[in-house]
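Trainee: need a 3D model of the following:
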Amino acid sequence: MHIEPALPADLSTVRAAYAAGRARQRAQGSVVWPDFTDAAVLAEMEAGLLFRILDGNELAGVFSVAYEDSALWGELECGAHIYLHRIARSAAYRGRGIAEAVIAWARTRCAELGRDGLRMDTWASNDALIAYYGRLGFHLVRRRRIAPDPRLAAHYHGIELALLERPCSDEEGKRVRVD
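Mentor: Numbering: from 1, shown residues only. All right, here's what the predicted structure looks like:
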């Protein structure tokens, strides 16, 4: 798998990956992502924050990054992490290593930028996904209920998130892991 910035020409396949993600969320009885507008997706592409995961020439998935996330992490934000958001895979890519590819890419990027580690969030009620990310080296930092905040989309308001973190390298992970 190969990761590179998403392009405006990818809009329809990015939207399809998000639709597949929403369908999985509905099937699991989870909180469901909203339907992101074309303008929002294109703005993220233009900012260089939306990435595509390619398997050959086929789009296997997408994800976005941030280099600061005080709206979700509050007082824990320290400008030292890469934040992974909205990892979504195309419908045909279940169990084919999408999350592992994203994390490997992000760890390399983390080292290039001299960041301490990776952070992500998920619905606090999604124990299976929290456990899965735990197997990928993340640990639960905190559960946090999100107050209404103008920096965040409305679907975040009032939900409880699990805030997850892992160090940039495996060596650091062996020293830091407590679970």
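
Trainee: host element of the residue nearest the centre of the chain?
Mentor: Note on the chain: the residue nearest the mean C-alpha position is His85, at 2.5 Å, using Cα atoms, centre = their mean. Using DSSP states H and E, His85 maps to strand 81-89.

Trainee: what about the protein, any weak spots by pLDDT?
Mentor: Counting by pLDDT under 70, the chain contains low-confidence residues at 95, 170-179.

Trainee: if we use 90, what do you get?
Mentor: Residue ranges of the chain with pLDDT under 90: 1, 17-37, 56-60, 88-98, 123, 125-126, 128-129, 146-159, 168-179.

Trainee: OK, contacts around the residue nearest to the centre of the chain?
Mentor: With contacts defined as Cβ atoms under 8 Å, 6 or more residues apart in numbering, His85 is in contact with Phe63, Ser64, Val65, Ala66, Met120, Asp121. Backbone N, C-alpha and C define where each C-beta goes, glycine included.

Trainee: and the strand or helix carrying Ala60, what's buried?
Mentor: For Ala60, the host element (DSSP H and E) is strand 58-66. For strand 58-66, burial by neighbour count (16 or more other Cβ atoms under 10 Å) applies to Leu59, Ala60, Gly61, Val62, Phe63, Ser64, Val65, Ala66.
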